[in-house]
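Colleague: could you look at this predicted model? Sequence included:
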Amino acid sequence: MTVSYHYVRNPDAIYRESFAQVEQALAPYAALIEGMPPVIRSVARRLVHTTGDPSVVETLTYGGELGIGRAMELLHRDCLLFCDVRMVVAGLQGVIVPQERLICTLPSGGGFSHLRAGEETRITRSARGVAAWPTASVPRTSVSTALASLAGLQDAIVVIGNAPTALYALLEGLEAGWSPPALVIGMPVGFVGSAESKQALIEMGQKTQLPYITLQGTRGGAALAVATTIALWRAGRDGQAGQGEPAGQAEQATHEKR
């Protein structure tokens, strides 16, 4: 006996209905959404679509609107994206950017890495990976010579979607004199250091004009960091910044909920 469930199968129909329901769910937050810059509205809608929870927009925080607009343009050129974990890479690779533009230096092995033999202080693999970013080997395929010889993070976009220690490592590097990236999408998740690291990002943005997008509190993760990046890419592709998600197109593997 063959069992057949009744559900919407057409991907375009799913996409249209999903964002129609997003708009309905955002109705109680209309004043908040209208007060956002257009590109941030696009990010907000995408985050609601990814989480299934409209209250996420209450924690969405950003700084450096002009810098965010520039980063949106850089996504459509040949900028590099530095990612803290491979889950972020997997969400972006081949979806909006080719593999050679995605840099992830996460070491393999256990959850912690020794700095030196016999040293008591240990750091997470995510933090150690971020510490290697300024000297990371950058692929030259499909990347401009200028970017391939890049020293530091200048004109790159940082996407952090896992460990608070990775965001802290980035901030410490910037305090130590690293070239600042074009944008930091800082969305680590968890109960230990997540809210605090994101607050530190906000404070650095206010102090140095570093463009950033983050979620206050403990919420975050690779899916939300990827969703934010894709929202920026789509806004740039459509030549608009937040007029709503275009309907009628099947999403190209962008973590739609099915």
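Modeller: It's in.
Colleague: rest of the way, CA atoms for contacts and neighbours
Modeller: Will do.
Colleague: so what touches stretch 196-216?
Modeller: Applying Cα atoms under 8 Å, 6 or more residues apart in numbering, the contact partners of stretch 196-216 are 56, 59-65, 67-68, 164-165, 167-168, 171, 180-188, 195, 217.
Colleague: so of these, which ones are in strands?
Modeller: Leu60, Thr61, Tyr62, Gly63, Leu183, Val184, Ile185, Gly186 (DSSP state E).
Colleague: confidence score at the fifth one?
Modeller: Think Leu183. Predicted confidence (pLDDT) for Leu183: 97.
Colleague: ok, now the last one?
Modeller: The confidence metric pLDDT takes the value 98 at Gly186.
Colleague: return the residues in contact with it.
Modeller: Listed by Cα under 8 Å, 6+ apart, the contact set of Gly186 reads Val158, Val159, Ile160, Gly161, Leu167, Lys198, Leu201, Tyr212, Ile213, Thr214, Leu215, Ala225.
Colleague: separation between it and Arg86?
Modeller: Applying Cα to Cα, to the nearest Å, the value for Gly186 to Arg86 is 15 Å.
Colleague: tell me which two of the ones in strands among the contacts of stretch 196-216 sit farthest apart.
Modeller: Farthest apart among those by Cα to Cα are Leu60 and Leu183. That separation is 15.3 Å.
Colleague: the more surrounded of those two?
Modeller: Under the criterion of other Cα atoms under 10 Å, the comparison of Leu60 against Leu183 puts Leu183 first, with 26 against 16.
Colleague: beta partners of the more buried one?
Modeller: Beta bridges link Leu183 to Ile157 when assigned by DSSP bridges.
Colleague: so it sits against Leu66, correct?
Modeller: No. With contacts counted by Cα atoms under 8 Å, Leu183 stays clear of Leu66, the gap being 10.5 Å.
Colleague: go ahead and confirm Ala223 touches Val159.
Modeller: No. Using Cα under 8 Å, Ala223 is not in contact with Val159, being 11.0 Å away.
Colleague: what touches both of the two?
Modeller: Residues touching both Ala223 and Val159 (Cα under 8 Å, 6+ apart) are Val88.
Colleague: so which of the two has more stuff around it?
Modeller: Val159 (27 against 20).
Colleague: ok, the more buried one to Glu58 distance?
Modeller: Distance from Val159 to Glu58, by Cα to Cα: 21 Å.
Colleague: pLDDT-wise, which helix or strand of the protein ranks last?
Modeller: When the helices and strands of the chain are scored by mean pLDDT, DSSP states H and E, helix 145-148 comes last with a mean of 40.
Colleague: give me the low-pLDDT residue ranges for the stretch 151-258 of the chain?
Modeller: Scanning the stretch 151-258 of the chain for pLDDT under 70 picks out the ranges 151-152, 240-258.
Colleague: apply 90 and report the result again.
Modeller: Applying pLDDT under 90 to the stretch 151-258 of the chain picks out residues 151-154, 236-258.
Colleague: what about the strands in it?
Modeller: For the stretch 151-258 of the chain, the strands defined by DSSP state E, counting those that start in this stretch occupy 157-160, 183-186, 212-215.
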